[in-house]
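Visitor: I'd like to go over a predicted model; first the sequence, then the structure.
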Amino acid sequence: MALSMEEERILTEIASQLGQEDPALAGRLANFGRLRRRRRIRAIAAVVVAILVIASLVGAAFVTIPT
């Protein structure tokens, strides 16, 4: 649902006031979505690395088994 021009104006005014009153909080809120994406990418990277490590260990175990 799209906002009316009046609602957009009010939100812009609120954001401007927040930026003046508490710039640190305004910065944190502006970066909120980006931080969540970074966390998701880190979590996916950690899972991929864990899978690669496990695959390497399993592969090494098969290579070193005497036949």
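Guide: Structure's in. What do you need? Note that this is a predicted model, so its numbers are computed, not measured.

Visitor: what helices or strands is the helix-or-strand element of the chain with minimal mean pLDDT leaning on?
Guide: Ranked by mean pLDDT, DSSP states H and E, the helix or strand of the chain with the weakest confidence is helix 23-30, at a mean of 82. Contact analysis of helix 23-30 by 3 or more CB pairs under 8 Å, 6 or more residues apart in numbering; DSSP states H and E lists helix 5-21 as its packing neighbours. For every residue, glycine as well, the C-beta is placed using N, CA and C.

Visitor: related to what we said a few turns ago, can you check what angle separates the following helix or strand past the least confident helix or strand of the chain from helix 23-30?
Guide: Sequence-wise, the next helix or strand downstream of helix 23-30 (DSSP states H and E) is helix 32-64. On the basis of axes from the mean of the first three to the mean of the last three CA atoms, to 10 degrees, helix 32-64 is oriented at 60 degrees to helix 23-30.

Visitor: before we move on, the earlier item: take the least confident helix or strand of the chain, keep the C-alpha atoms, and write them as CSV.
Guide: The C-alpha trace of helix 23-30 is given here as CSV (Å, rounded to 0.1, in the frame of the first residue of the first chain):
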residue,chain,number,x,y,z
PRO,A,23,22.3,11.4,14.9
ALA,A,24,23.7,8.1,16.3
LEU,A,25,20.3,6.4,16.5
ALA,A,26,19.3,7.8,13.1
GLY,A,27,22.5,6.3,11.6
ARG,A,28,21.9,2.9,13.3
LEU,A,29,18.3,2.8,11.9
ALA,A,30,19.5,3.8,8.4
